[in-house]
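Q: Here is the input, now give the coordinates:
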Amino acid sequence: QTTAAASETTSMASETTGATETTAAPETTVAPETTVAPETTLGLLPDNGECDDSLAPVVLSIETTFESSVLTLIHQVKAAEAAVEAFNGRGGVGGRCMELMSCDDQADPNIAADCARSIVESDAVASVNDTTTFGDAAVAEIFTAANYPRVGQSAGTPDLSAPNSYNIGGGSLGTVFQMIPPLLEAGKTKLAAIHVDAAAFQGAIGLIEAIAGAGGAELVATIPVPAGTTNYDQFVLAAEDAGADGVIMALGDKESVQVLTAAGQLGTELLFSASLGTWSRAAMLDLGEMGSQMVFNAEVPPASAPVEQFPAMAQIIADLSASGEPELQADTLQSSSLRSWLAVYAFVTVMSATDVDNITRESVTAAFNAATDIDMLGIMNPWTPNQVSPGAFSRISNPWYYFATWDGENFVTTDTPTGNILETLAPTGLVG
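A: Residues are numbered from 1 along each chain as shown. Sure, this is the predicted structure:
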């Protein structure tokens, strides 16, 4: 059960499951040089029985926008909760149960900063799959100043150079940048960006122009989708009026569905490049024929990819669907929910190899700095969280992305990721 702890002064929705203090610990606990996941069979993880709730819990956190008129990511929070519960059922972290503190930034930069402060002041030792689209600079500054480790987050631009960030891929903007190569490969030369109405996107426009330009294309329009929008035809028409032949879809799931539905009704010939994090198999089936005019990318494969292709998906789907949440079932899962599970998995894998009686922010930082080639079960390439990339985006430790298409019944992708965000960013001069 999750109990609310909302701040009256900020209307901040901050939730903590089972608030109890963690035990004191030495400043640093160093992990072994190589951290390897427990042996698995067809995606099944070893079952060590229920965690011991008589021991002090290990508190994790997640901060994101739960539900708003411009972005809705509550499924990432529910997936993190389901993952924590599933791993607790298999022994937690060395027998200790995990608890999850969640905070809703309500798409408000001030509340986002208050969320970060409340987490820093709590017993939480690390975050899992944070996505802080609003006020990301202030949030990053608060977490970095507190040396608070953020595991598997969907990073904003400030997080891509923050030493306390252990990112799975290039974050939200990385996904946007990776929308460009499939459009270029399809021969599109006039690109429009239909995007969330957030300040964080504005800083990416110059980079998008550089990437598109290097591929012989140009960005002909940037089209924000304001809060409270009810007419979605206008955004498709604006892209067409600008002469676009391809569209970068930098939107949340609800907004993406509305824009693509409008596109289908208008009979547009535009090709749309989108994130797998916002599209499930069920949503694509509902969309219908417009799916043939879409291409996708993500750091992880489609959640509905065949288990024969990605055996570990069987365990992930079992864990998440056991929650009973409608958005965490096999056909409704989005890849952004998979990232929540993977972040919890990585935390359990790395920290189980340390002194589990003394898990602190310092010991988590030391362990993730030392961990190498974590077995990510074939969902990602083996992961070295502290691997430093050249240039301004030094915290992109996993640069690999999957590209996918839709065949009318399911997503189609490769067995291993083929897109490299560092190569995509090369024309910007920011990656060395």
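Q: what about the strands in the stretch 201-350 of the chain?
A: With DSSP state E, counting those that start in this stretch as the criterion, the stretch 201-350 of the chain has strands at 218-225, 246-250, 271-275, 294-298.
Q: Pipe those into a markdown table and attach distance to S335, mean neighbour count and mean pLDDT per row.
A: (C-beta placed from N, C-alpha, C; glycine too.) Putting the strands of the stretch 201-350 of the chain into a markdown table (distance: least, Cβ to Cβ, whole Å; neighbours: other Cβ atoms under 10 Å; pLDDT from 0 to 100) gives the following:
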| stretch | distance to S335 | mean neighbour count | mean pLDDT |
| --- | --- | --- | --- |
| strand 218-225 | 21 | 19 | 97 |
| strand 246-250 | 15 | 28 | 97 |
| strand 271-275 | 8 | 24 | 97 |
| strand 294-298 | 4 | 27 | 97 |
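Q: closest to A116 out of these?
A: strand 246-250 (23.4 Å; Cβ to Cβ).
Q: what sits up against the closest one?
A: 176, 179-180, 183, 186, 188, 190-196, 201, 208, 217, 239, 256, 259-260, 270-275, 278 (Cβ atoms under 8 Å, 6 or more residues apart in numbering).
Q: can you redo the strands of the stretch 201-350 of the chain as a markdown table with distance to D136?
A: As requested, the strands of the stretch 201-350 of the chain are arranged in a markdown table below (distance: least, Cβ to Cβ, whole Å):
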| stretch | distance to D136 |
| --- | --- |
| strand 218-225 | 17 |
| strand 246-250 | 14 |
| strand 271-275 | 17 |
| strand 294-298 | 20 |
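Q: Out of these, which is closest to N398?
A: strand 294-298 (11.9 Å).
Q: Just checking: what are the partner strands of the closest one?
A: Strand 294-298 sits in its sheet next to strand 271-275 (parallel), strand 400-406 (antiparallel), going by DSSP bridges.
Q: what angle do it and strand 246-250 make?
A: 40 degrees (axes from the mean of the first three to the mean of the last three Cα atoms, to 10 degrees).
Q: Any idea how far strand 294-298 is from the middle of the chain?
A: Relative to the chain's own centre, strand 294-298 is displaced by 15 Å; criterion: Cα atoms, centre = their mean, to the nearest Å.
Q: ok so V356 is a strand residue?
A: No - assignment of V356 by DSSP: H, G, I helix; E, B strand; the rest coil gives coil, placing it outside any strand.
Q: So it is in contact with G95, correct?
A: Yes - in this structure, V356 is within contact of G95 by Cβ atoms under 8 Å, at 7.0 Å.
Q: the strands in the stretch 51-200 of the chain, which residues?
A: Taking DSSP E, counting those that start in this stretch as the criterion, the stretch 51-200 of the chain carries its strands at 58-64, 98-104, 126-128, 150-153, 165-167, 190-196.
Q: Among those, which comes closest to T144?
A: Across the strands of the stretch 51-200 of the chain, closest to T144 is strand 165-167 (Cβ to Cβ), at 8.1 Å.
Q: what sits up against that closest one?
A: With Cβ under 8 Å, 6+ apart as the criterion, strand 165-167 contacts 140, 149-155, 159-160, 368, 385-386, 395-398.
Q: Extract the C-alpha trace of stretch 149-163 and format it as PDB.
A: Extracted in PDB, the C-alpha atoms of stretch 149-163 (Å, rounded to 0.1, in the frame of the first residue of the first chain):
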ATOM      1  CA  PRO A 149      22.300   8.600  -7.200                       C
ATOM      2  CA  ARG A 150      19.700   8.400 -10.000                       C
ATOM      3  CA  VAL A 151      19.600   4.900 -11.600                       C
ATOM      4  CA  GLY A 152      18.200   4.300 -15.100                       C
ATOM      5  CA  GLN A 153      16.600   7.700 -15.400                       C
ATOM      6  CA  SER A 154      15.100   9.100 -18.500                       C
ATOM      7  CA  ALA A 155      17.500  12.100 -18.500                       C
ATOM      8  CA  GLY A 156      16.900  15.700 -19.400                       C
ATOM      9  CA  THR A 157      19.800  17.700 -20.900                       C
ATOM     10  CA  PRO A 158      21.400  18.700 -17.500                       C
ATOM     11  CA  ASP A 159      21.400  15.100 -16.400                       C
ATOM     12  CA  LEU A 160      23.500  14.000 -19.400                       C
ATOM     13  CA  SER A 161      26.600  15.500 -17.700                       C
ATOM     14  CA  ALA A 162      25.600  15.100 -14.000                       C
ATOM     15  CA  PRO A 163      28.000  12.700 -12.200                       C
END
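Q: partners of A221 in the sheet?
A: A192.
Q: where in the stretch 1-150 of the chain is pLDDT low?
A: 1-44 (pLDDT under 70).
Q: If we use 80, what do you get?
A: 1-44, 46, 69-70 (pLDDT under 80).
Q: ok, back up a step: buried subset of the contacts of strand 246-250 as a ChimeraX selection?
A: Buried members of the contacts of strand 246-250 can be picked out in ChimeraX with the line below, counting by 16 or more other Cβ atoms under 10 Å:
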select :176,179,180,183,188,190,191,192,193,194,195,196,201,208,217,239,256,259,260,270,271,272,273,274,275,278
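Q: circling back to that earlier point, now the strands paired with strand 294-298 in TSV, with distance to V348?
A: TSV is the format used below for these (distance: least, Cβ to Cβ, whole Å):
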stretch	distance to V348
strand 271-275	26
strand 400-406	22
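Q: Out of the ones you listed, the one nearest V84 is which?
A: It is, among those and with distance given as Cβ to Cβ, strand 271-275, at 24.4 Å.
Q: I'd like to check what contacts that closest one. Which residues are they?
A: Contacts for strand 271-275 (Cβ under 8 Å, 6+ apart): 175-176, 179-180, 182-183, 186, 188, 245-249, 256, 260, 263, 290, 293-298, 335-336.
Q: what about 7 Å?
A: With contact meaning Cβ atoms under 7 Å, 6 or more residues apart in numbering, strand 271-275 is reached by 175, 179, 182-183, 186, 188, 245-249, 256, 260, 263, 293-298.
Q: Repeat that for stretch 299-313.
A: Under Cβ under 7 Å, 6+ apart, the answer for stretch 299-313 is 40, 42-43, 168-169, 276, 280-281, 314, 330-331, 333-335, 337-339, 342, 377-380, 398, 401-402, 404, 410-411, 413, 415.
Q: Buried only: go through those residues for me.
A: Neighbour counting by 16+ other Cβ under 10 Å classes 43, 168-169, 276, 280-281, 330, 333-335, 337-339, 342, 377-380, 398, 401-402, 404, 410-411, 413 among these as buried.
Q: So which residues of the stretch 1-150 of the chain form helices?
A: With DSSP state H, counting those that start in this stretch as the criterion, the stretch 1-150 of the chain has helices at 74-89, 109-120, 136-145.
Q: now those in a markdown table, with mean neighbour count?
A: Converted to a markdown table, the helices of the stretch 1-150 of the chain look like this (neighbours: other Cβ atoms under 10 Å):
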| stretch | mean neighbour count |
| --- | --- |
| helix 74-89 | 24 |
| helix 109-120 | 22 |
| helix 136-145 | 20 |
